[in-house]
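In: no sequence on hand, only this structure:
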Ligand code: ASP
């Protein structure tokens with residue numbers, strides 16, 4: 001059996017067993033015990049094994065990628081297109097979400113009683129988020145991209161700062177004599193390969209880890225809340241589905257010049273990983289491996305585009321934020337003019353760029369958007385109960401968007417270099 005079939009099976013069984021336990025034994029002390037002391041640690045160990053590889057893989061893959069791209073002019077062109085594609089796909093997603101939420105108006109159907117009930121139940125979670133504090137979005141955000149200390153940036157998982165250092169380091173390698181640069185690159189390549197070997201070991205545990213992660217959620221999840229918020233959940237999911245089938249598929253076809261069906265078939269492994277971990281960062285190693293081996297993306301391109309994407313490109317998140325802010329505005333009867341809605345779109349895109357690729361990474365930033373347009377930020381409590389499920393789905397789109405960007409940039413680079421188009425693993429197998 002193929003590994004990602006096993007992982008998918010783990011996902012399905014975890015959801016079934018967890019759902020069954022919740023239905024028949026929900027609230028039983030033994031169930032929380034098993035969830036807290038068996039499933040939770042197994043899931044977390046698996047996640048940590050993946051997280052553990054993020055810093056070395058981001059540093060080595062970006063430095064090698066940039067050194068491989070070589071001259072700064074090419075890097076500038078590819079980098080510009082990468083950022084442009086991120087902005088375009090994220091904006092597209094936000095607009096799809098906004099159109100749906102304005103048409104269906106899921107918030108007007110929520111009764112005041114349900115609203116107050118949810119507010120009361122999740123108020124403390126919302127307070128926790130508020131206390132953690134939304135990072136301020138001022139000029140210091142930009143200054144902080146340049147790390148004072150790259151080791152501290154890595155230690156704090158401050159991804160933008162780490163990426164900045166890695167880019168500069170890779171560029172510097174092209175500026176020193178080749179005989180000095182070559183051994184450094186060889187060492188980085190060796191480290192990169194060792195990290196991939198660690199990931200392969202971790203992924204052997206994935207079927208169990210994924211089972212555990214999903215079990216923890218479904219065994220404790222109150223399905224009733226899905227009913228209370230059904231229209232909202234449907235709008236978010238429908239938007240994500242629409243952006244996947246129409247938006248990303250269109251971008252893959254037009255920008256990547258690749259058959260979208262082939263694209264979606266090839267990225268099964270990162271899709272399952274993203275869905276079960278709710279983290280773009282934890283999925284990054286799998287995304288890089290899949291782009292290279294399944295889609296034929298050149299390693300220097302995958303190594304450059306995907307770490308940037310996991311940090312900055314979040315299509316699903318921007319769609320989710322737009323829908324959620326408008327949904328909550330409807331719930332609270334706050335009228336948002338066209339001008340305010342434009343602000344919601346712009347801020348959804350910006351905060352999606354700023355959000356960390358970890359479970360719930362966008363929530364504190366979304367509270368900032370709510371506050372800006374006059375929707376009470378503590379109202380986030382209303383949707384917290386279903387956030388994990390929506391996080392799983394939006395992260396999947398975030399990751400698919402990143403990989404689509406690597407297909408596009410790889411196509412551009414191959415054309416600039418006069419290389420033949422990428423060959424996917426499926427095409428290679430078919431001869
Ligand atoms: N969990 C998302 C990700 O890792 C971020 C978010 O929307 O909360 O991509």
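Out: On my side now, so go ahead. These figures come from a predicted structure and were not determined experimentally. Residues are numbered from 1 along each chain as shown.
In: residue numbers of this protein in contact with the ligand?
Out: Within the chain, the positions lying close to the ligand (CB under 6 Å from any ligand atom) are 278-280, 314, 317, 355, 357-362, 391, 394-395, 398. For every residue, glycine as well, the C-beta is placed using N, CA and C.
In: nearest to residue 77 among the residues you listed?
Out: Ranked by distance to residue 77 (CB to CB), the residues of the chain next to the ligand are led by residue 314 at 23.8 Å.
In: isn't that closest one up against residue 352?
Out: Yes: between residue 314 and residue 352 there is a contact under CB atoms under 8 Å: 4.1 Å.
In: for these two, list the residues in contact with both.
Out: Any residue near both residue 314 and residue 352 by CB atoms under 8 Å, 6 or more residues apart in numbering counts here, and that gives 90, 362.
In: which one of the two is surrounded by more residues?
Out: residue 314 (35 against 30; other CB atoms under 10 Å).
In: and the next helix or strand past the helix or strand containing residue 100?
Out: For residue 100, the host element (DSSP states H and E) is helix 72-104. Note on helix 72-104: by DSSP H and E, the next helix or strand toward the C-terminus is helix 112-132.
In: show me what that next one is packed up against.
Out: helix 223-228, helix 363-373, helix 381-384 (3 or more CB pairs under 8 Å, 6 or more residues apart in numbering; DSSP states H and E).
In: and the longest one, how far from the chain's centre?
Out: Counting by CA atoms, centre = their mean, to the nearest Å, helix 363-373 is centred 19 Å from the centre of its parent chain.
In: what's the answer for the shortest one, then?
Out: Between the mean C-alpha point of helix 381-384 and the mean C-alpha point of its chain there is a distance of 20 Å (CA atoms, centre = their mean).
In: try stretch 68-81
Out: The answer for stretch 68-81 is 24 Å, by CA atoms, centre = their mean.
In: for stretch 379-394, same thing?
Out: The answer for stretch 379-394 is 15 Å, by CA atoms, centre = their mean.
In: what's the mean pLDDT across that stretch?
Out: The average pLDDT for stretch 379-394 rounds to 93.
In: buried set for it?
Out: By 16 or more other CB atoms under 10 Å, the buried positions in stretch 379-394 come out as 379-394.
In: ok, and the closest non-adjacent residue to residue 150?
Out: Distances taken as CB to CB, 6 or more residues apart in numbering place residue 165 nearest to residue 150, at 4.1 Å, with adjacent residues excluded.
In: residue ranges in the protein under the pLDDT threshold?
Out: Counting by pLDDT under 70, the chain shows low-confidence ranges at 132-137.
In: specify the residue positioned farthest from the middle of it.
Out: The C-alpha centroid of the chain is most remote from residue 179, which lies 38.6 Å away (CA atoms, centre = their mean).
In: is that one in a helix, a strand, or coil?
Out: Three-state call for residue 179 (DSSP: H, G, I helix; E, B strand; the rest coil): helix.
In: between the helix or strand containing residue 389 and helix 363-373, how many degrees?
Out: If you go by DSSP H and E, residue 389 is part of helix 387-417. Between helix 387-417 and helix 363-373, the angle comes out at 90 degrees (axes from the mean of the first three to the mean of the last three CA atoms, to 10 degrees).
In: in what helix or strand does residue 320 lie?
Out: helix 315-331.
In: now find how far off-centre the helix or strand following that helix is within its chain.
Out: Downstream of helix 315-331, the first helix or strand assigned by DSSP H and E is helix 338-354. Relative to its parent chain, helix 338-354 has a centroid offset of 18 Å by CA atoms, centre = their mean.
In: follow-up on the earlier one: got the angle between the helix holding residue 100 and helix 338-354?
Out: Going by the same axes, to 10 degrees, helix 72-104 makes 130 degrees with helix 338-354.
In: tell me the buried residues in helix 72-104?
Out: 75, 77-79, 81-82, 85-86, 89-98, 100-101, 104.
In: for stretch 262-277, same thing?
Out: Buried residues in stretch 262-277, counted by 16+ other CB under 10 Å: 262-264, 266-277.
In: and for stretch 158-170?
Out: For stretch 158-170, by 16+ other CB under 10 Å, it's 158-170.
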